[in-house]
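**Student:** okay, predicted coordinates and the sequence, questions at the end:
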Amino acid sequence: MSRPFPYSYISCPCADTPIPDPAKKRRSKESSQKATPERTDATDDAATPKQEDNQDEGDSDEEQTFDPRSLRSNFSLYPPEQLLYCEDCHQIKCPRCITEEIVSWYCPNCLFETPSSMVKSDGNRCGRNCFNCPVCTAPLAVSTIENVTGNGSQQGPWVLSCGYCMWTTLDIGIKFDKPTNIRSQLQKMTDSTASPAYDARSRQGSRAFGDLKSPLSTLISAEGQPSAPNDNENGNGNGSEEQTKEDSTDVAPANTDARFAALKTFYRNQISETSNSPNDPLSEFGFSSPGALNRLMSLYASSSRLSGLYGGNKKAKSKPPVMREALTASEGLRVTPAGEEAAIIERLASPEGGWDSIASLEQRAQQSPDVRFVDELLPLPVLLRTKRAKRCKSCKHILVKPETKPQSTRFRIRLIALSYIPLPTLRPLALPAPSSFTSGTVTQTPDLDSLPPLRPVHVLLTLKNHMFDPVRITLATPSVTPGRVASKVTILSPQFEIGANSDVWDEALAGASAPVGDSRLTGVRTAEKVPEAGKVWDKGRNWTTVVLEVIPGTLPGSEADTTNAGNEDAGDEGAVTLKEDEDVLEIPVFVHMEWDAEAQLEQQNVGKASKPDDLVARELAYWMVLGVGKIQAAL
Amino acid sequence: MSTSSSLRQSQAARPDSPHTPQQQLRSGNTSFASNTSPGSSFRNEDDAIIFEIGARWLRAGFEGSSSPVCVVGFGPEDSRRAGDYRGWIEGGSGARPSAQPVDAEDWTREYELWRLDLRQTDLGLVEDKIERAFRETYNQYLLTDAGTSRLVLVLPSLMPHPLLSSLLSTLFSRWRFPSITLLPSAPMSATAAGLRSALVVDLGWAETITTGLYEYREVTTKRSTRAMKAVLQEMGRVLTSVASSSGQDGASTDEISVGFKYCEEIVSRLAWCKTEAQNEGNGHLNQNISIPSPTNPEQEFIEVPFSRLAEPVEKALFAPDVPESELDDEEKSIPLLVYNTLLALPPDARGTCMSRIVFVGGGARIPGLRQRILKDVSHLIDQHGWSPIRGKVIERQRQRLAELRISTPINGENQSTPTDTASSPEDEKPDPSKDEPEIDFVEQKLRRQNKDTPVPVQGILREVDSLGAWAGASLMTSLKIRGMVEIEREKFLQHGLAGGTRDSEPAPDRRSGLRAGDRSSWTLAGWA
């Protein structure tokens, strides 16, 4: 039920080539016997045993029928219009087998392009006035307070307000002096700790923080000195800990960013202090000295043996000063205060709190990790979007290249698959109604949302060719659809040809013999026509229609199930629950197409000129899934 | 200085240097990396991208930032077909209650990226999910070209090899990451707390993992299945029973009929934990609170006693009604787990770690939980001291010995604790260190040597806040510290995980700090 019926999906052939596990290759080289248990494991995982009973006739993996119901197929099935085609590899390309390169960054709200140098420092978000409501994600508008209260003057403090849920920044007590450059104003406001590196997302910012001796770092160094001897005097007395704890909570960096910055400065200082080479302590060269590296390298050895600490046994004679842990809050340490959480619980339980005052998971996802209540949410600058060029993953041929400008929706290059593979469309064949219902004169189209089980339905599959060469098509389908609901499918004429996508005039000039209307008008004529095996239903300039006869299976657990419980052992188990989408009738169809294409220029030159007409035989094969309809539970 | 400069050179050269093409590339492909966009080559100079992956969530961002750019969850909507917008049309599948009650395990299955029990995991499916999650994270949030810069993965230090292998081979074969660095999550959490030694309690999804960390090394690890998944399932049961009592007829107690997303929302907003094991009094907390109705979360609200929302946490994590002897090794209650981990540590490390307890993971957000765990642990310490020996006979013996006042160190400690100083663990621990009259000359010498270094806090139960494993990794990476496990593309594609050397101890040349350039072998260190 992913889309309205009928629909069609195409499975990208890249799903057939699994990700190679290099280790397995090696293992199988070493001993082929060992590989066998793994093989069985893999097949066990891939399909449930029931499904294997039905169709696994000892085929090799490639020959296996595509199962649209398997969980993995969801990742390889794409609507035909989303697929690309690589002209070099002659292969369909899905989002999984292309690589992407960003062409430009832009804000979807103001459509301004962000220069690439600014993207990172803006934290991948719009640096102008575009904000989203933190509560409902609608875009926020800049307006004056007077406007909000109804007065028309365009002055005075400004706020961001949401037109959808009426949230304004006044709710969190934020007003702006100017209506422009809101982002930087907001940063200044929220950054209570006065560190210039508020936006720690920006690398430049945080680097500048370390390098330029920001106010906070001088604060740290000023404080670091007195606190150290203080600790010494008290020795191992526990009393001092309480003191320092209390001292430290006063100057504790409040938010995550500030703490992170403090920690970073602390580590930087430690690394430069403990390194042997007395360089400029704040420069980056401080920790590329061998001594510092030496110790740091051994930090992550997960060995539980402690002997290897600090780089060896004998060398330790000239023991360098050891890096210590953070001791004060200004260094980034935060000892959890005891009553902190009790207050939160009180607030959760208090009547003025309640469900709506607590931020939801969705609201919190984009915010700082500490946020818990709605009034802590900050307006969100709009996330930038990108225009991306796409390349074939295997040959690097460019497949899509959009124009750089955000306003432009045009593409310089775009090789969509539909110009190469036939577009499948499906529609039910309106048949004279069965005599059991009414007298046979009225044609009726079966309701695809509730197909009666065990009653044949005819479906017309039209393949429309967009290439300028005629294509020979071979369709194949398993006679019984995989899964618990076994529907029988027959393609009445599996082999046929589709004409080239020639000039439209050719068809018109060819005479009135070809039917003009292809889709809607057929309903009138089908009253006389009867689907016949081996015969193409209808044919046009560049399209061909064939008939599929489908007998929908019965749903397990439904009342009709008893008649058809032959190959199903699951039906006996009483309470069989229907899995999601199990009642959807989807037919996997294997499409094999062949055509003679004009050889490309380079191939011509190489030496294929000997071939007549410069034609090269091409073929393409893929699985396609046709969503016919939903099977109804009762007969 | 020569060494350092060479290191810097090799670091700087890394992203720019053309790689030998792995697949059947055509000539001239090396230019693609540079000509894409003028900015991107500038951007990927050295900014590693850090991913933290768990069974439920994925965090991603750039090195040097304090919090990840995005936190992405896994759910059934993420494994739908392209063009299937059902989740948007119907308002998400997990919000509404399911038609039939579902088994608790199946209830969570769709929302997990993987299960540590690989018998139930289709690795191919996991690969598909990882690929899609990474692709979408790059395209939506990170907004850089995937695969151009170094990748840092923060992973729990124990990962099933098949899982690790499929994770790495997916990433390497899908994108052209020059190298992937693995960082263990527990030391990273400690780093983000500013600590070198810690007891990291990771209240994760499938497992709670406690790691005793001493000088950045994992000394002991213990795990328990009492974790957030159990909490969520328990909350699901509670809400199911609330739903059935409020209207529908009964559902069996073990199965869950409420929606997963709805339940997760409740847990994330309102789950809390009593700070005392048995406090019922406080009338304020017994009030009713209105939550969206389990049967119709979009429209109706329902009144539930606030204390009811503390039950799942209580039951799932603390196992209040089950005696310790009934619990299997893998399902110890959290306080017991913490206590056992501390007990397994050598005494020195224990003293250091117990005053550096770091809670991370989703469960650490539940208000009251951390405090409660610490209280229970201190109660356990009061009760048993640091002795693993339990039993009636032992108790009797101890009592007898105590009566005799034969003061062996262990008994002395144990005798004093349960009675007089039960409430304050601070008084208990300094005893050995402070009152020891013997003059240990080594100790004295050490003390004289380390005069200017502050004496660390030791022996008291203390909790330290951490910014989380992701922030720790970001911190480490931005300080240009390289992890032990750095897997290079070519090496991995040749041999896979099997190519890593088995010895977790670094090779001697690696210690000299010159590892960046030419490494003939790589190691999986802790992950091996």
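**Tutor:** Looks like it came in fine. Numbers count the residues shown, from 1 in each chain, chains lettered A, B, ... in the order given.
**Student:** from here on, contacts and neighbour counts on C-alpha atoms
**Tutor:** OK.
**Student:** can you give me the pLDDT of A:Pro434?
**Tutor:** Note on A:Pro434: pLDDT of 50.
**Student:** isn't A:Ile551 right up against A:Leu451?
**Tutor:** No. With contacts counted by CA atoms under 8 Å, A:Ile551 stays clear of A:Leu451, the gap being 9.5 Å.
**Student:** would you mind measuring from A:Cys136 to A:Trp167?
**Tutor:** 9 Å (CA to CA, to the nearest Å).
**Student:** ok, those two, which is more surrounded?
**Tutor:** Each of A:Cys136 and A:Trp167 has its neighbours counted (other CA atoms under 10 Å in any protein chain shown); A:Trp167 has more, 18 against 14.
**Student:** for that one, grab phi and psi.
**Tutor:** phi -80, psi 140 (degrees, to the nearest 10).
**Student:** pull up the residues of the stretch 301-450 of chain B that are close to chain A.
**Tutor:** Within the stretch 301-450 of chain B, the residues that sit near chain A (CA under 8 Å from any CA of the partner chain) are B:306, B:367-368, B:371.
**Student:** list the helices and strands the top helix by length along chain B packs on?
**Tutor:** Ranked by residue count under DSSP state H, the longest helix found in chain B is helix B:228-246. Judged by 3 or more CA pairs under 8 Å, 6 or more residues apart in numbering or on different chains; DSSP states H and E, the packing partners of helix B:228-246 are strand B:255-256, helix B:260-270, helix B:311-313.
**Student:** 6 Å instead?
**Tutor:** Helix B:228-246 sits against strand B:255-256, helix B:311-313, with contacts defined as 3 or more CA pairs under 6 Å, 6 or more residues apart in numbering or on different chains; DSSP states H and E.
**Student:** list of residues touching it?
**Tutor:** Under the criterion CA atoms under 6 Å, 6 or more residues apart in numbering or on different chains, residues B:205-206, B:250, B:256-258, B:294, B:312-313, B:316 lie in contact with helix B:228-246.
**Student:** among these, the buried ones, what's the ChimeraX command?
**Tutor:** Selection of buried members from these for ChimeraX, criterion 16 or more other CA atoms under 10 Å in any protein chain shown:
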select /B:205,206,256,257,258,294,312,313,316
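**Student:** of the contacts of helix B:228-246, which is the nearest to A:Val335?
**Tutor:** Nearest to A:Val335 among the contacts of helix B:228-246, counting by CA to CA, is B:Val313 at 23.8 Å.
**Student:** quick one, what contacts that closest one?
**Tutor:** With contact taken as CA under 6 Å, 6+ apart, B:Val313 is in contact with B:Val231.
**Student:** what sits against the closest residue to chain B within the stretch 301-450 of chain A?
**Tutor:** Here the stretch 301-450 of chain A gets closest to chain B at one residue, A:Val335, 4.4 Å apart by CA to the nearest CA. Neighbour list for A:Val335: B:463-465 [criterion: CA under 6 Å, 6+ apart].
**Student:** hey, where'd the helices end up in the stretch 101-250 of chain B?
**Tutor:** Taking DSSP state H, counting those that start in this stretch, the helices of the stretch 101-250 of chain B run over residues B:104-109, B:123-137, B:161-174, B:185-191, B:228-246.
**Student:** give me the buried positions along the second one.
**Tutor:** When neighbours are counted by 16+ other CA under 10 Å, the buried residues of helix B:123-137 are found to be B:123-135, B:137.
**Student:** one more: the longest one?
**Tutor:** Going by neighbour count (16+ other CA under 10 Å), the buried part of helix B:228-246 is B:228-244.
**Student:** and what of stretch A:478-498?
**Tutor:** For stretch A:478-498, by 16+ other CA under 10 Å, it's A:478, A:480-498.
**Student:** hang on, the earlier thing: and the helices of the stretch 101-250 of chain B as a markdown table, adding distance to A:Glu594 and mean pLDDT?
**Tutor:** Converted to a markdown table, the helices of the stretch 101-250 of chain B look like this (distance: least, CA to CA, whole Å; pLDDT from 0 to 100):
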| stretch | distance to A:Glu594 | mean pLDDT |
| --- | --- | --- |
| helix B:104-109 | 43 | 83 |
| helix B:123-137 | 30 | 90 |
| helix B:161-174 | 30 | 89 |
| helix B:185-191 | 53 | 90 |
| helix B:228-246 | 52 | 84 |
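**Student:** okay, the ones you listed in a markdown table with distance to B:Gly459 next?
**Tutor:** Listed next are the helices of the stretch 101-250 of chain B as a markdown table, based on distance: least, CA to CA, whole Å:
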| stretch | distance to B:Gly459 |
| --- | --- |
| helix B:104-109 | 40 |
| helix B:123-137 | 43 |
| helix B:161-174 | 37 |
| helix B:185-191 | 18 |
| helix B:228-246 | 29 |
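**Student:** for A:Val382, which of those helices is the nearest?
**Tutor:** helix B:123-137 (16.1 Å).
**Student:** compute the inter-axis angle for the closest one and helix B:161-174.
**Tutor:** On the basis of axes from the mean of the first three to the mean of the last three CA atoms, to 10 degrees, helix B:123-137 is oriented at 50 degrees to helix B:161-174.
**Student:** packing partners for helix B:123-137?
**Tutor:** Using 3+ CA pairs under 6 Å, 6+ apart, no helix or strand is in contact with helix B:123-137.
**Student:** name the residues that touch that helix?
**Tutor:** With contact meaning CA under 6 Å, 6+ apart, helix B:123-137 is reached by A:Arg72.
**Student:** how far away is the residue lying closest to B:Leu116 once chain neighbours are set aside from chain A?
**Tutor:** In space, and not counting its chain neighbours, B:Leu116 is closest to B:Pro160: 6.9 Å by CA to CA, 6 or more residues apart in numbering or on different chains. If you measure B:Pro160 against chain A using CA to the nearest CA, to the nearest Å, the figure is 14 Å.
**Student:** per-residue pLDDT, B:Pro160?
**Tutor:** 87.
**Student:** okay, now the domains of chain B?
**Tutor:** Following automatic domain parsing, one gets these domains for chain B: B:44-74+B:111-192+B:467-527, B:198-226+B:329-425+B:455-464, B:228-318.
**Student:** and chain A, by the same measure?
**Tutor:** Annotated domains of chain A cover A:97-105+A:384-415, A:108-190+A:341-381, A:203-300+A:321-335, A:424-630 [automatic domain parsing].
**Student:** give me the neighbour count for A:Ala15.
**Tutor:** 17.
**Student:** what kind of secondary structure is it in?
**Tutor:** When classified by DSSP: H, G, I helix; E, B strand; the rest coil, A:Ala15 comes out as helix.
**Student:** nearest residue to it in space, please, no chain neighbours.
**Tutor:** Distances taken as CA to CA, 6+ apart place A:Ser76 nearest to A:Ala15, at 5.9 Å, with adjacent residues excluded.
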